[in-house]
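Novice: how does the following fold in three dimensions:
(one chain, ligands or ions: 1)
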Amino acid sequence: MNKWWLSGIAVVALLVAAAYKVMAQTGEENKTMDTQNAKILIAYYSYSGNTKEVAEAIQKEIGGDLFEIKAEGTYPDEYRPMTEQAKKEIGAGFRPKLTTSVADMAQYDIVFIGSPNWWGTITPQVSSFLESYDLSGKTVIPFVTHGGGGQQNTIADLTAQCKGCKVNSDGWVGYGSRTLGIGSWLEDLGFKK
Ligand SMILES: Cc1cc2nc3c(=O)[nH]c(=O)nc-3n(C[C@H](O)[C@H](O)[C@H](O)COP(=O)(O)O)c2cc1C
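Specialist: Have a look, this model is predicted:
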């Protein structure tokens, strides 16, 4: 074998080793959370109550501080006009002004962030929340409720909008206010009651 072959094999071996390292680190991120000593915040936006129920179920299982994301503005009472307004807001990248605030975000190590699926993504209120706080370095665990569409772009968009945070890829995605399975999901993430 000539030296060109040998250096080619060496380059390929190095690339494979680097790829494995990146994959291992990504997996590590989900596993190395110190769940036992962590200070936990469970922040959520909920328009009709489902995401609130999931947030409360998480708190019941593992404790932590509950925080409801609220913002200025109202929606029409009727369902279709309400959804149309939300669609326009999302399309325009609207960021409503928040009316509730977290007293001391710096104290939290793990932040659960809950959003309903609105038109395949997170709600404008949750986007405002993500842009209002420095969540860099924190472990963020998303939870999403939906009406049949599943996760769609919710978790990907939340991850993109959460600058510098370590978003856990094993978020909760549940239909409506379903909470069955919350305990085992949290256990899989490393939390104990
Ligand atoms: C404006 C709006 C848009 C919605 N878009 C979707 C959607 O694209 N996919 C889906 O599965 N559910 C959709 N839903 C249903 C909600 O995600 C679902 O009912 C959710 O559990 C509501 O959470 P909440 O009760 O905490 O507000 C939408 C609901 C609303 C109000």
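Novice: where does this structure dip in pLDDT?
Specialist: 1-6, 8-32 (pLDDT under 70).
Novice: quick check on the spatially most central residue of the chain: phi, psi?
Specialist: By CA atoms, centre = their mean, the chain has its centre lying nearest to residue 142, at 2.4 Å. When read as degrees, to the nearest 10, the backbone of residue 142 gives phi -80, psi 150.
Novice: and the nearest residue to it once chain neighbours are set aside, how far is that from residue 106?
Specialist: Leaving aside its sequence neighbours, residue 142 sits nearest to residue 171 (CB to CB, 6 or more residues apart in numbering; 3.7 Å). Where you see a C-beta, it was placed from the backbone N, CA and C, and this is true even at glycine. With the distance defined as CB to CB, to the nearest Å, residue 171 ends up 23 Å from residue 106.
Novice: so between the two, which is more surrounded?
Specialist: With neighbours defined as other CB atoms under 10 Å, residue 171 and residue 106 compare such that residue 171 has more, 21 against 9.
Novice: check contacts around that one.
Specialist: When contacts are counted by CB atoms under 8 Å, 6 or more residues apart in numbering, residue 171 touches 141-144, 151, 155.
Novice: is residue 139 in a bridge, and if so with what?
Specialist: Note on residue 139: beta-bridge partners by DSSP bridges are residue 110, residue 166.
Novice: over to the one 5 residues further on?
Specialist: Judged by DSSP bridges, the bridge partners of residue 144 are residue 115, residue 173.
Novice: residue 193 contacts residue 59, correct?
Specialist: No: contact criterion CB atoms under 8 Å: residue 193 and residue 59 do not qualify, at 11.7 Å.
Novice: who's more crowded, the two?
Specialist: residue 59 (15 against 9).
Novice: mind checking how far the residue nearest to residue 96 when sequence neighbours are not counted is from the ligand?
Specialist: Nearest residue to residue 96 in three dimensions, chain neighbours excluded: residue 71, at 3.8 Å (CB to CB, 6+ apart). Applying CB to the nearest ligand atom, to the nearest Å, the value for residue 71 to the ligand is 13 Å.
Novice: right, and residue 71 touches residue 131 too?
Specialist: No: under the criterion of CB under 8 Å, residue 71 is not in contact with residue 131, lying 11.9 Å apart.
Novice: compare the two (neighbour count), which wins?
Specialist: In terms of neighbours (other CB under 10 Å), residue 71 is the more surrounded of residue 71 and residue 131; the figures are 17 against 13.
Novice: torsion angles phi and psi at that one?
Specialist: Residue torsions, per degrees, to the nearest 10, at residue 71 are phi -140, psi 160.
Novice: relative to residue 180, how far out is it?
Specialist: 30 Å.
Novice: what is the helix or strand where residue 66 lies packed up against?
Specialist: If you go by DSSP states H and E, residue 66 is part of strand 65-68. Strand 65-68 is packed against strand 40-44, helix 50-62, with contacts defined by 3 or more CB pairs under 8 Å, 6 or more residues apart in numbering; DSSP states H and E.
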